[in-house]
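J.: Curious how this folds, go ahead:
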Amino acid sequence: MKAVFTYRSSHHRLSYDVKGSGPPLVLLHGLSGSRLWWRKNIPVLSQHFTVYSVDLIGYGRSNFQSSLSFDESADLLEGWLSSLELSQVSVIGHSMGGQTAVHLVARYPLRVKKLVLAASSGMVKAKLHEVVVKLGEVGLKGRRRFLPTVAFDALRASPQNLYRSARAILSDDFRPLLLRIGCPTLLIWGADDVVVTQQM
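T.: Have a look, this model is predicted:
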């Protein structure tokens, strides 16, 4: 079982796991998620990388004291990476995690070596109620074995935090920041994704 580590800033506590050996790879989960969402990916990735799976602020075991903007989240991650003396990392961000990763690269371009955005938010204009309906549909149609994790993480995050995060996601358009990304970047979308479709 992986140990859970903690990074403490002046106002926040960031929880993360470490597994494997090799070049550092940071995994950032999406809205209502936690580092546990990567548990099926980590066994393979950790054969090639030292994998750092993070609970973003307000999710998983990381605390929530005040809302963070995406830039503030990027600053927190930069402080965490500095504390670990990781001069350069690769990052995989899913959904909200991808949006956070883009802000990290834009603010600290030398910190990120390679970037993967998996169904990243931040490029889609939508209304909050539309996203909530789509997420509900996904939850009902999702694989049953994954639903307990989804429900547990969503309840732990609290409705207020989810609402604030969803509003932040939909009000932030990071497309202008894409011009500031100089590292190799891979974009991934699922062919059957109903929340963030390929057409979007």
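
J.: C-alpha only now, for contacts and for neighbours.
T.: OK.

J.: so who does Pro24 touch?
T.: For Pro24, the contact set (C-alpha atoms under 8 Å, 6 or more residues apart in numbering) comprises Phe49, Thr50, Val51, Tyr52, Leu86, Gln88, Val89, Ser90.

J.: shaky segments in the protein?
T.: Across the chain, residues meeting the criterion (pLDDT under 70) sit at 1-3, 65-67, 122-163, 165-171, 193-200.

J.: Try it again at 80.
T.: Residue ranges of the chain with pLDDT under 80: 1-3, 32, 64-67, 122-173, 190-200.

J.: Name the secondary structure element that contains Ala101.
T.: Element membership for Ala101, per DSSP states H and E: helix 96-107.

J.: Report all helices and strands that that helix contacts.
T.: Helix 96-107 sits against strand 24-28, helix 70-83, strand 89-94, strand 112-118, with contacts defined as 3 or more C-alpha pairs under 8 Å, 6 or more residues apart in numbering; DSSP states H and E.

J.: residues near the closest residue to Leu76 other than its chain neighbours, how many?
T.: Among residues not flanking Leu76 along the chain, Ser9 sits closest, at 7.5 Å (C-alpha to C-alpha, 6 or more residues apart in numbering). Using other C-alpha atoms under 10 Å, Ser9 has 11 other residues around it.

J.: Can you tell me how far Ser9 is from Val18?
T.: Between Ser9 and Val18 the distance is 19 Å, computed by C-alpha to C-alpha, to the nearest Å.
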